[in-house]
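# Give me the fold of what follows.
(one chain, ligands or ions: 1)
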Amino acid sequence: MQSLNSRFLEKNVVITGGARGIGFEIAKQFGLEGAIVSILDFNADSLKEANQKLIDLGIKTFGYFIDISNRVEVFDLIANIDAQIPIDVLINNAGIAFETPFLNIEEKEWKAIIDINLTGMFNVGQAVCKLMAERKSGVVVNMASKNGLDGEAGYAHYNSSKGGVIMLTKSMAIEMAPYGVRVNAVCPGYIQTPMSMEIDSPEFTQKFVDRYIPLNRPGKVEEIAPIFLFLASQESSFITGQTIVADGGQLAGQKP
Ligand code: NAI
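Okay, the predicted model is just below:
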(Lines give C-alpha, C1' and ligand atoms only; values in the text may rest on other atoms or scores of the structure.)
Protein backbone atom coordinates (compact mmCIF):
# COMPACT_ATOMS: atom_id res chain seq x y z
CA MET A 1 0.00 0.00 0.00
CA GLN A 2 1.57 3.27 -1.10
CA SER A 3 0.27 6.75 -0.26
CA LEU A 4 -0.67 9.34 -2.88
CA ASN A 5 2.71 11.00 -2.33
CA SER A 6 5.78 9.24 -3.65
CA ARG A 7 8.42 11.80 -2.75
CA PHE A 8 10.91 9.10 -1.80
CA LEU A 9 10.37 6.48 -4.50
CA GLU A 10 13.29 3.97 -4.42
CA LYS A 11 15.32 6.26 -2.11
CA ASN A 12 17.42 4.44 0.47
CA VAL A 13 16.52 5.88 3.88
CA VAL A 14 18.53 4.79 6.93
CA ILE A 15 16.74 5.24 10.26
CA THR A 16 18.49 4.62 13.57
CA GLY A 17 16.22 3.51 16.40
CA GLY A 18 13.54 2.70 13.85
CA ALA A 19 12.28 -0.42 15.60
CA ARG A 20 9.71 1.38 17.77
CA GLY A 21 8.33 4.74 18.89
CA ILE A 22 8.90 7.81 16.73
CA GLY A 23 11.58 6.05 14.64
CA PHE A 24 9.19 3.29 13.60
CA GLU A 25 6.54 5.81 12.53
CA ILE A 26 9.18 7.68 10.51
CA ALA A 27 10.18 4.40 8.81
CA LYS A 28 6.54 3.64 8.05
CA GLN A 29 5.80 7.06 6.57
CA PHE A 30 8.94 7.01 4.37
CA GLY A 31 8.06 3.47 3.27
CA LEU A 32 4.51 4.47 2.37
CA GLU A 33 6.02 7.14 0.11
CA GLY A 34 8.03 4.57 -1.78
CA ALA A 35 11.34 4.54 0.14
CA ILE A 36 13.47 1.50 0.86
CA VAL A 37 13.95 1.68 4.62
CA SER A 38 17.00 0.37 6.47
CA ILE A 39 16.41 0.22 10.21
CA LEU A 40 19.33 0.17 12.63
CA ASP A 41 18.44 -0.80 16.19
CA PHE A 42 19.84 -2.59 19.23
CA ASN A 43 16.57 -4.16 20.35
CA ALA A 44 16.44 -7.45 18.44
CA ASP A 45 12.81 -8.30 19.32
CA SER A 46 11.45 -4.87 18.37
CA LEU A 47 13.53 -4.94 15.20
CA LYS A 48 12.02 -8.24 14.09
CA GLU A 49 8.50 -7.10 14.90
CA ALA A 50 8.98 -3.74 13.14
CA ASN A 51 10.34 -5.38 10.00
CA GLN A 52 7.36 -7.70 9.81
CA LYS A 53 4.89 -4.81 10.26
CA LEU A 54 6.57 -2.87 7.45
CA ILE A 55 6.62 -5.90 5.14
CA ASP A 56 2.90 -6.40 5.84
CA LEU A 57 2.34 -2.84 4.60
CA GLY A 58 4.17 -3.65 1.38
CA ILE A 59 7.27 -1.68 2.34
CA LYS A 60 10.74 -2.75 1.21
CA THR A 61 12.74 -2.93 4.44
CA PHE A 62 16.01 -4.20 5.90
CA GLY A 63 16.72 -4.54 9.62
CA TYR A 64 20.22 -4.32 11.08
CA PHE A 65 21.08 -5.11 14.68
CA ILE A 66 23.63 -2.61 15.94
CA ASP A 67 24.52 -0.40 18.90
CA ILE A 68 25.21 3.03 17.38
CA SER A 69 27.72 3.82 20.13
CA ASN A 70 30.05 1.15 18.66
CA ARG A 71 31.98 3.29 16.18
CA VAL A 72 33.86 0.49 14.41
CA GLU A 73 30.70 -1.56 13.84
CA VAL A 74 28.81 1.54 12.68
CA PHE A 75 31.41 2.34 10.01
CA ASP A 76 31.45 -1.29 8.78
CA LEU A 77 27.66 -1.51 8.61
CA ILE A 78 27.15 1.85 6.89
CA ALA A 79 29.78 0.93 4.26
CA ASN A 80 27.99 -2.36 3.73
CA ILE A 81 24.52 -0.81 3.35
CA ASP A 82 25.81 1.93 1.04
CA ALA A 83 27.61 -0.59 -1.18
CA GLN A 84 24.29 -2.36 -1.84
CA ILE A 85 22.17 0.76 -2.41
CA PRO A 86 23.64 4.26 -1.94
CA ILE A 87 22.15 6.01 1.10
CA ASP A 88 20.02 9.04 0.15
CA VAL A 89 18.66 10.03 3.55
CA LEU A 90 19.87 9.51 7.12
CA ILE A 91 17.43 9.85 10.01
CA ASN A 92 19.60 9.93 13.12
CA ASN A 93 16.88 9.15 15.67
CA ALA A 94 18.07 6.54 18.20
CA GLY A 95 18.30 7.74 21.77
CA ILE A 96 17.75 6.77 25.40
CA ALA A 97 16.53 8.66 28.48
CA PHE A 98 16.54 8.12 32.24
CA GLU A 99 15.30 10.39 34.97
CA THR A 100 17.87 11.02 37.72
CA PRO A 101 18.37 14.13 39.89
CA PHE A 102 21.55 15.98 38.93
CA LEU A 103 23.21 15.33 42.32
CA ASN A 104 22.69 11.57 41.94
CA ILE A 105 23.85 11.01 38.37
CA GLU A 106 26.74 8.55 38.33
CA GLU A 107 29.45 8.54 35.72
CA LYS A 108 28.16 5.28 34.21
CA GLU A 109 24.71 6.77 33.58
CA TRP A 110 26.10 10.06 32.26
CA LYS A 111 28.36 8.19 29.85
CA ALA A 112 25.59 5.85 28.65
CA ILE A 113 23.41 8.80 27.62
CA ILE A 114 26.19 10.83 26.01
CA ASP A 115 27.66 7.76 24.26
CA ILE A 116 24.34 6.94 22.56
CA ASN A 117 22.49 10.24 22.17
CA LEU A 118 25.45 12.37 21.12
CA THR A 119 28.45 10.21 20.21
CA GLY A 120 26.23 7.59 18.54
CA MET A 121 24.68 10.29 16.41
CA PHE A 122 28.15 11.60 15.56
CA ASN A 123 29.30 8.07 14.60
CA VAL A 124 26.44 7.35 12.21
CA GLY A 125 26.34 10.94 10.95
CA GLN A 126 30.03 10.99 10.11
CA ALA A 127 30.05 7.52 8.53
CA VAL A 128 27.13 8.47 6.24
CA CYS A 129 28.31 12.03 5.52
CA LYS A 130 31.72 10.79 4.29
CA LEU A 131 29.87 8.81 1.59
CA MET A 132 27.41 11.62 0.83
CA ALA A 133 30.33 14.07 0.48
CA GLU A 134 31.90 11.83 -2.18
CA ARG A 135 28.62 11.75 -4.11
CA LYS A 136 27.81 15.41 -3.39
CA SER A 137 24.24 14.58 -2.44
CA GLY A 138 22.19 13.52 0.54
CA VAL A 139 20.11 14.75 3.46
CA VAL A 140 20.46 14.21 7.21
CA VAL A 141 17.83 14.87 9.88
CA ASN A 142 18.88 14.54 13.52
CA MET A 143 16.56 13.90 16.45
CA ALA A 144 17.11 16.54 19.12
CA SER A 145 14.44 17.47 21.69
CA LYS A 146 12.70 20.41 23.27
CA ASN A 147 14.96 19.49 26.21
CA GLY A 148 17.97 20.53 24.13
CA LEU A 149 16.64 24.09 24.08
CA ASP A 150 15.07 24.37 27.52
CA GLY A 151 16.03 21.95 30.29
CA GLU A 152 13.92 19.80 32.57
CA ALA A 153 14.78 18.88 36.17
CA GLY A 154 15.90 15.27 36.53
CA TYR A 155 17.40 15.12 33.05
CA ALA A 156 20.76 16.96 33.20
CA HIS A 157 22.48 14.22 31.17
CA TYR A 158 19.66 13.95 28.62
CA ASN A 159 19.25 17.74 28.30
CA SER A 160 23.00 18.08 27.75
CA SER A 161 23.05 15.36 25.09
CA LYS A 162 20.20 16.97 23.16
CA GLY A 163 21.74 20.46 23.43
CA GLY A 164 24.82 18.83 21.93
CA VAL A 165 22.76 17.39 19.08
CA ILE A 166 21.57 20.90 18.16
CA MET A 167 25.14 22.22 17.95
CA LEU A 168 26.27 19.06 16.13
CA THR A 169 23.49 19.70 13.60
CA LYS A 170 24.55 23.30 12.99
CA SER A 171 28.22 22.27 12.71
CA MET A 172 27.44 19.45 10.28
CA ALA A 173 25.22 21.78 8.24
CA ILE A 174 27.88 24.41 7.65
CA GLU A 175 30.60 21.86 6.85
CA MET A 176 28.41 19.68 4.61
CA ALA A 177 26.83 22.58 2.68
CA PRO A 178 29.71 22.77 0.17
CA TYR A 179 28.94 19.14 -0.74
CA GLY A 180 25.24 19.91 -1.30
CA VAL A 181 24.24 17.92 1.78
CA ARG A 182 21.64 19.49 4.10
CA VAL A 183 21.50 18.75 7.84
CA ASN A 184 18.63 19.76 10.13
CA ALA A 185 17.15 18.73 13.47
CA VAL A 186 13.73 18.21 15.00
CA CYS A 187 12.87 19.09 18.62
CA PRO A 188 9.74 17.28 19.76
CA GLY A 189 8.18 18.13 23.09
CA TYR A 190 6.30 15.53 25.12
CA ILE A 191 5.36 12.65 22.79
CA GLN A 192 3.66 9.42 23.83
CA THR A 193 6.00 6.57 22.92
CA PRO A 194 7.23 3.40 24.62
CA MET A 195 10.13 5.50 25.98
CA SER A 196 8.01 8.17 27.67
CA MET A 197 5.45 5.61 28.86
CA GLU A 198 8.21 3.53 30.50
CA ILE A 199 9.41 6.59 32.45
CA ASP A 200 6.11 8.33 33.31
CA SER A 201 2.85 7.11 34.84
CA PRO A 202 -0.46 8.21 33.24
CA GLU A 203 -1.06 10.42 36.32
CA PHE A 204 2.29 12.16 35.84
CA THR A 205 1.57 12.69 32.14
CA GLN A 206 -1.80 14.28 32.89
CA LYS A 207 -0.28 16.64 35.46
CA PHE A 208 2.54 17.53 33.05
CA VAL A 209 0.10 18.31 30.25
CA ASP A 210 -2.14 20.40 32.53
CA ARG A 211 0.79 22.43 33.75
CA TYR A 212 2.97 22.87 30.66
CA ILE A 213 1.35 22.12 27.29
CA PRO A 214 -0.92 24.84 25.83
CA LEU A 215 -2.50 22.38 23.36
CA ASN A 216 -3.51 20.34 26.42
CA ARG A 217 -2.31 16.91 25.30
CA PRO A 218 0.86 14.95 24.63
CA GLY A 219 1.98 14.75 21.00
CA LYS A 220 1.59 11.65 18.81
CA VAL A 221 4.27 9.96 16.75
CA GLU A 222 2.11 10.58 13.66
CA GLU A 223 2.55 14.32 14.26
CA ILE A 224 6.35 14.15 14.44
CA ALA A 225 7.26 11.83 11.55
CA PRO A 226 5.98 14.20 8.79
CA ILE A 227 8.45 16.87 9.91
CA PHE A 228 11.30 14.44 9.19
CA LEU A 229 9.86 13.70 5.76
CA PHE A 230 9.52 17.43 5.03
CA LEU A 231 13.14 18.10 6.05
CA ALA A 232 14.32 15.20 3.89
CA SER A 233 12.28 16.31 0.86
CA GLN A 234 12.84 18.82 -1.93
CA GLU A 235 10.23 21.04 -0.26
CA SER A 236 12.89 22.09 2.25
CA SER A 237 15.70 22.50 -0.30
CA PHE A 238 16.85 25.90 1.10
CA ILE A 239 16.69 24.88 4.79
CA THR A 240 19.85 23.72 6.52
CA GLY A 241 21.28 24.01 10.05
CA GLN A 242 17.83 24.54 11.56
CA THR A 243 15.84 22.94 14.34
CA ILE A 244 12.06 22.65 14.06
CA VAL A 245 10.20 22.53 17.37
CA ALA A 246 6.94 20.54 17.70
CA ASP A 247 5.91 20.80 21.36
CA GLY A 248 2.23 21.76 21.54
CA GLY A 249 3.26 25.29 22.49
CA GLN A 250 5.34 24.38 25.54
CA LEU A 251 8.25 26.67 24.68
CA ALA A 252 6.00 29.58 23.75
CA GLY A 253 5.47 30.51 27.38
CA GLN A 254 3.66 29.64 30.60
CA LYS A 255 0.04 28.56 30.53
CA PRO A 256 -2.46 30.87 32.20
P1 NAI B 1 11.81 4.62 22.06
O2 NAI B 1 12.58 4.11 23.23
O3 NAI B 1 10.38 4.27 21.98
O4 NAI B 1 12.56 4.25 20.70
C5 NAI B 1 13.94 4.42 20.59
C6 NAI B 1 14.53 3.33 19.74
O7 NAI B 1 15.95 3.57 19.64
C8 NAI B 1 14.34 1.93 20.34
O9 NAI B 1 13.89 1.03 19.35
C10 NAI B 1 15.73 1.58 20.84
O11 NAI B 1 15.98 0.18 20.84
C12 NAI B 1 16.62 2.32 19.86
N13 NAI B 1 17.96 2.59 20.40
C14 NAI B 1 18.26 3.19 21.58
N15 NAI B 1 19.60 3.20 21.76
C16 NAI B 1 20.16 2.60 20.67
C17 NAI B 1 21.49 2.30 20.29
N18 NAI B 1 22.53 2.58 21.08
N19 NAI B 1 21.70 1.70 19.11
C20 NAI B 1 20.65 1.38 18.31
N21 NAI B 1 19.37 1.61 18.64
C22 NAI B 1 19.12 2.21 19.80
O23 NAI B 1 11.98 6.22 22.10
P24 NAI B 1 11.20 7.42 21.36
O25 NAI B 1 10.41 8.11 22.37
O26 NAI B 1 10.61 6.96 20.10
O27 NAI B 1 12.47 8.35 21.06
C28 NAI B 1 13.12 8.38 19.81
C29 NAI B 1 14.02 9.60 19.80
O30 NAI B 1 13.22 10.77 20.00
C31 NAI B 1 15.07 9.62 20.90
O32 NAI B 1 16.27 10.18 20.41
C33 NAI B 1 14.45 10.52 21.95
O34 NAI B 1 15.42 11.13 22.77
C35 NAI B 1 13.74 11.54 21.06
N36 NAI B 1 12.68 12.28 21.70
C37 NAI B 1 11.61 11.65 22.28
C38 NAI B 1 10.61 12.38 22.89
C39 NAI B 1 9.44 11.75 23.55
O40 NAI B 1 8.70 12.47 24.25
N41 NAI B 1 9.20 10.48 23.40
C42 NAI B 1 10.67 13.85 22.91
C43 NAI B 1 11.81 14.41 22.25
C44 NAI B 1 12.77 13.64 21.67
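
# only C-alpha atoms for contact and neighbour calcs from this point on.
OK.

# Ile22 reaches Ile227, doesn't it?
No - using C-alpha atoms under 8 Å, Ile22 makes no contact with Ile227, being 11.3 Å away.

# more crowded one of the two?
Taking neighbours as other C-alpha atoms under 10 Å, Ile22 and Ile227 compare with Ile22 leading, 26 against 19.

# Return the set of buried residues in the helix or strand of the chain with the lowest mean pLDDT.
Least confident helix or strand of the chain, by mean pLDDT, DSSP states H and E, is helix 194-199 with a mean of 90. Counting neighbours by 16 or more other C-alpha atoms under 10 Å, one finds that the buried residues in helix 194-199 are Met195.

# and what of stretch 84-100?
86-95, 97-98, 100.

# Which members of those additionally contact the ligand?
By C-alpha under 6 Å from any ligand atom, the members of the buried residues of stretch 84-100 lying near the ligand are Asn93, Ala94, Gly95.

# For this protein, what lies in contact range of the ligand?
With C-alpha under 6 Å from any ligand atom as the criterion, the chain meets the ligand at residues 16-23, 40-43, 66-69, 93-96, 116, 143-145, 188-196.

# residue nearest the centroid of the protein?
Asn93 (2.0 Å; C-alpha atoms, centre = their mean).

# Would you confirm that it contacts Asn142?
Yes - Asn93 lies in contact with Asn142 (C-alpha under 8 Å); the separation is 6.1 Å.

# between the ones next to the ligand among the buried residues of stretch 84-100, which is nearest Ala177?
When those are compared for distance to Ala177 (C-alpha to C-alpha), Asn93 comes out closest, at 21.2 Å.

# Could I get the phi/psi values of that closest one?
Main-chain torsions, Asn93, degrees, to the nearest 10: phi -110, psi -30.
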